[in-house]
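# sequence and predicted structure are below.
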Amino acid sequence: MPVNKKSCETEKQEILLTRLEGLIAAHGLLSRNDSVIVGVSAGPDSLALLHLLSRIRIPVRLFAVYVDHGLRPEETGREFSMVTAMCNELRIPAERAVADVRGERKRTGTSIEDAARIVRYRALEAARRAHGAAVIAVAHTADDQAEEVLIRLIRGSGRMGLSGMAFRRDTIIRPLLQEKKQTLIDYLQRNAIPYCLDSSNRQGIFLRNRVRLDLLPYLEQGYNSAIRQTLLQTAEILTSEEELLAQLAEKEFCSLTEIEQGPEAGSCPERIKIRIQAFLDCHPALQRRILEKACWMMSTRPGFRQIEQIRHLMTGGGNGAQLHLALGLRVRKSGTEALFSHPSGRIAFRGNALEEEALSLTVSEPGIFSVADHVLSVSLLPKGPEKLSATALLLDAGKATFPLRLRSPVPGERFRPLGAPGRKKVHRFLTDARIPREERRAFPVLLSADRIIAVAGLRIEHDCRITEDTRSYLLIEWRRA
């Protein structure tokens, strides 16, 4: 009996579609009526993803976003035209997002590859928020997964990194992570869907291209013809073990860290503090995972060497010792804690970043004042409040006269902290209060008639304390904006 070729092709497409729907359900990638941003580059993988998602039997609303990285101006026009042609046929909205890769590279000092990845996901996330979408779908395949595992092995990574890309991480989903590129190309050809090939994918200056074009074929021919499948199986095994270790590490991480969130929702924390002794009580395997998680939360991808350097800092570094990591991340040992922060912002920077602009503000009368990234509130009260916030100080108003002056402390100047037996240098007071050097700018002094009456947010001058003779009160509050 003759084989119906058309019927076979239809069956293959249905099998692929059913497999995709099963994976989406098994991993909870999509829910009914979700809005989905689909990153579409006009390459075969992303066009196949868009076309397949338009056919799944889960009702979703799709938005195609083409990200122009500004690197191939002679090709991007044709690519976007191809994307819009498919979107018009499928009745899917399409838009173009422009990303400044070179600017990101100049600002952060990272590679072109990493800069492109950063701005691409930033643009897709902006589109997700603008459309109120639930997730962003990207077209990573099984081939990409094998390459990624090998790249991470070359660069040096722990079990988390070697487990490869996840089907879902936060708002990013990868529905094609178990499909081979050739399967998707066959799908496009069966449906007569044209696609573009990115010329940069042939450039040997990029590590991923060298792995794809040189290293993997070399390993297949000379060592293991099934190396791609071996890498995928290794990633799958490590993923299962990763889940168990992640649960243990997460429990320890939550118990020994203090996280100060950034000003914007979804941004990396302002700083992370890790209690050193509790950290040292953990098994080395958990220590590495705790440090890796802290770095990832601070938007830095550490290798094994960086993780070990931080461990060495925690176990043997002296007080004040610090490490400089990528994108301006600093890890500093301060007393009983290790502090992760970006004292100069998320930019490539060498040095200790302490030479920031000094604070200076004249306060002519009570009010609320914006100072750098803080707010100063000065109030005159006829009676003292029943309760003070953690950032507020209360003084005898009769011991201070306007105008007041807020400024950074000057080396060598002294005051008598409330309750102290005598005068003390301001910098010594900040040291005794265990304020890290890079944070001391956040605690300026407040003066009246050139006399320190308080270190904002910490302690008042002893002579300005509340007594039985106090008739009016000066409330000083100093807090982050």
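Alright, I've got the coordinates. Numbering: from 1, shown residues only.

# around residue 188, how many other residues sit close by?
Around residue 188 sit 16 other residues, with neighbours defined as other CB atoms under 10 Å. For the C-beta atoms, the positions are set from N, CA and C on the backbone; glycine is no exception.

# and it, what element?
Under the criterion of DSSP states H and E, residue 188 resides in helix 181-190.

# how far off centre is the next helix or strand after that helix?
Next along the chain after helix 181-190, taking DSSP H and E as the criterion, comes helix 207-210. In terms of CA atoms, centre = their mean, to the nearest Å, the centre of helix 207-210 is found 24 Å from the chain centre.

# in the next helix or strand after helix 207-210, which residues are buried?
Next along the chain after helix 207-210, taking DSSP H and E as the criterion, comes helix 216-222. Neighbour-count burial for helix 216-222, counted by 16 or more other CB atoms under 10 Å, picks out 216, 219.

# so which residues make contact with helix 216-222?
Contact with helix 216-222 is made by 146-147, 150, 226-228, as judged by CB atoms under 8 Å, 6 or more residues apart in numbering.

# ok now it, how far from the chain's centre?
Centroid displacement of helix 216-222 relative to its chain, using CA atoms, centre = their mean, is 35 Å.

# tell me the first helix or strand C-terminal of it.
Next in line after helix 216-222, if elements are assigned by DSSP H and E, sits helix 227-256.

# quick one: mean pLDDT over that following helix.
Taken as a whole, helix 227-256 carries a mean pLDDT of 88.

# the strands in the stretch 251-400 of the chain, which residues?
Per DSSP state E, counting those that start in this stretch, the stretch 251-400 of the chain carries strands over the ranges 257-260, 271-275, 322-324, 330-334, 337-341, 360-363, 367-371, 374-381, 392-396.

# run the chain-centre distance for the helix or strand that contains residue 115.
Following DSSP H and E, one finds residue 115 within helix 112-131. The chain centroid and the centroid of helix 112-131 are separated by 12 Å under CA atoms, centre = their mean.

# who does that helix touch, helix- and strand-wise?
Judged by 3 or more CB pairs under 8 Å, 6 or more residues apart in numbering; DSSP states H and E, the packing partners of helix 112-131 are strand 35-39, strand 61-68, strand 94-98, helix 101-108, strand 135-137.

# model confidence over that helix, on average?
90.

# and the residue nearest to residue 16 when sequence neighbours are not counted, how many neighbours?
Using CB to CB, 6 or more residues apart in numbering and skipping residues adjacent in sequence, the residue nearest residue 16 is residue 187, 6.2 Å away. Using other CB under 10 Å, residue 187 has 21 other residues around it.

# residues contacting residue 187?
Taking CB under 8 Å, 6+ apart, one finds 13, 16, 48, 51-52 in contact with residue 187.

# got CSV for those, with pLDDT and distance to residue 202 too?
Compiled in CSV, those are given as follows (pLDDT from 0 to 100; distance: CB to CB, whole Å):
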residue, pLDDT, distance to residue 202
13, 81, 30
16, 91, 28
48, 94, 20
51, 95, 25
52, 95, 26
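
# inside helices: which ones of those?
13, 16, 48, 51-52 (DSSP state H).

# how about the nearest residue to residue 207, chain neighbours excluded?
Nearest non-adjacent residue to residue 207, counting by CB to CB, 6+ apart: residue 151, 6.3 Å away.

# quick check: phi and psi at that neighbour.
Torsion angles at residue 151 (phi, psi; degrees, to the nearest 10) stand at phi -60, psi -40.

# can you list the low-confidence ranges for the stretch 51-200 of the chain?
Within the stretch 51-200 of the chain, the ranges that satisfy pLDDT under 70 run 157-160.

# swap in 90 and give it another go.
Applying pLDDT under 90 to the stretch 51-200 of the chain flags residues 69-77, 98-117, 143-144, 146-166, 169-170, 196-200.

# can I get the strands of the stretch 251-400 of the chain in TSV with mean neighbour count?
Listed next are the strands of the stretch 251-400 of the chain as TSV, based on neighbours: other CB atoms under 10 Å:
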stretch	mean neighbour count
strand 257-260	15
strand 271-275	20
strand 322-324	17
strand 330-334	22
strand 337-341	23
strand 360-363	14
strand 367-371	12
strand 374-381	17
strand 392-396	21
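
# sorry, back to before: most neighbours of all the ones in helices among the contacts of residue 187, which one?
Neighbour tally across these (other CB under 10 Å): the maximum, 25 neighbours, falls on residue 48.

# that one reaches residue 184, doesn't it?
Yes - with contact defined as CB atoms under 8 Å, residue 48 reaches residue 184; the gap is 4.0 Å.

# phi, psi for residue 40 please.
Backbone torsions for residue 40, taken as degrees, to the nearest 10, come to phi -120, psi 120.
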